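1. Provide a 3D model corresponding to the input given below.
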Amino acid sequence: MSGHNKWASIKHKKMAMDARRGKMFTKIIREIMMAAKMGGGNPDSNPQLRMAIERARSINMPNDNIQRAIKKGIGEEGGVALEPVGYEGYGPGGVAILVETLTDNKRRTAAEIRSIFSRHNGNLGESGCVSWMFERKGVLTLKKQQIDEEKLLSLVLDAGADDLKFENDVYEIVCAPDKLESVKKSLEENKILIESAAINLIPKNTVRVEGKEAEQLLKLLDELEEHDDVQSVHSNFDMPDELIEAMSR
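-> The predicted structure is shown next:
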């Protein structure tokens, strides 16, 4: 599991016990609203909404909040008009960074994202400058002790997965976005507990960073993820595991 994925895994674990839960609630509520707006309010026919609801439940969001967000998304209740906007740039060491936001003020959000890049020795670029370095994939993770690797490989390949990776005690399953639901369903039918399941942007190649540049990069990524309008941050870095672990504490 390369650096960017290890960092994402750590962030996912921290999310569930984040003391600033109000901010996490806000981000997921926005995600639910946008998913409902784009694909309708029925999670049975809207996979994006279904995944957003699952993430909401993983951090114990009350069902009333979830239902209210869905109603706002489909226009049954008043809500802020949100627009998805992506930003692309480079961090320390030439690492590619792609930021996905939901905003009600593109000018304000662009200025704030640019300022964050600048503060941490990065540069915000033009649209398309790094997006070609990534491909959209479904990614699922689960603990190793649940199932033998050979059995899991056979199971997920039959369900449509492209690849199975393993590091330390975690399996990472990669598939085409439209196969995520079938792979997830297959695991659930076999009583396998899934740690995370999402559509991610996976880098085609990675850039190794160490030392001061690595520290600056993780601070940049952390501040981007803390921004109220930011829904997700993707990058193509790789770095020593011990540094990632130390910086995530």
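2. Only C-alpha atoms from now on, for both contacts and neighbour counts.
-> Fine.
3. packing partners for the lengthiest strand in the chain?
-> For the chain, the longest strand by residue count, based on DSSP state E, is strand 134-143. On a contact count with 3 or more C-alpha pairs under 8 Å, 6 or more residues apart in numbering; DSSP states H and E, strand 134-143 meets strand 170-175, helix 180-189, strand 196-203.
4. separation between D169 and S131?
-> 31 Å (C-alpha to C-alpha, to the nearest Å).
5. Check G93 too.
-> Taken as C-alpha to C-alpha, the span from G93 to S131 is 17 Å.
6. can you check G75 too?
-> G75 is 32 Å from S131, by C-alpha to C-alpha.
7. Those two - which one has more neighbours?
-> S131 (20 against 14; other C-alpha atoms under 10 Å).
8. so who does the more buried one touch?
-> E88, L98 (C-alpha atoms under 8 Å, 6 or more residues apart in numbering).
9. can you map out the strands along this structure?
-> So, for the chain - with DSSP E - the strands run 83-90, 96-103, 123-124, 134-143, 161-167, 170-175, 196-203, 207-208, 230-235, 237-238.
10. so where's the longest helix in this structure?
-> Criterion DSSP state H: the longest helix present in the chain is helix 21-39.
11. now the angle from that helix to strand 230-235?
-> Angle between the axes of helix 21-39 and strand 230-235 is 90 degrees (criterion: axes from the mean of the first three to the mean of the last three C-alpha atoms, to 10 degrees).
12. who's in contact with helix 21-39?
-> 15, 18, 42, 46, 48-49, 52-53, 55-56, 61, 65-66, 69-75, 82, 102, 228-231.
13. in the sheet, who's paired with the most centrally placed residue in the chain?
-> Nearest to the mean C-alpha position of the chain, by C-alpha atoms, centre = their mean, lies S232 at 5.1 Å. Beta-bridge partners recorded for S232 (DSSP bridges): E100.
14. okay but it is in contact with V99, surely?
-> Yes - under the criterion of C-alpha atoms under 8 Å, S232 makes contact with V99 at 6.0 Å.
15. quick one: the nearest residue to L98 once chain neighbours are set aside from E189, how far?
-> Counting by C-alpha to C-alpha, 6 or more residues apart in numbering, E88 is the residue found nearest to L98 once chain neighbours are left out, at 4.6 Å. Noted for E88: a distance of 39 Å to E189, by C-alpha to C-alpha.
16. what pLDDT, on average, does stretch 130-140 get?
-> What stretch 130-140 shows for mean pLDDT is 93.
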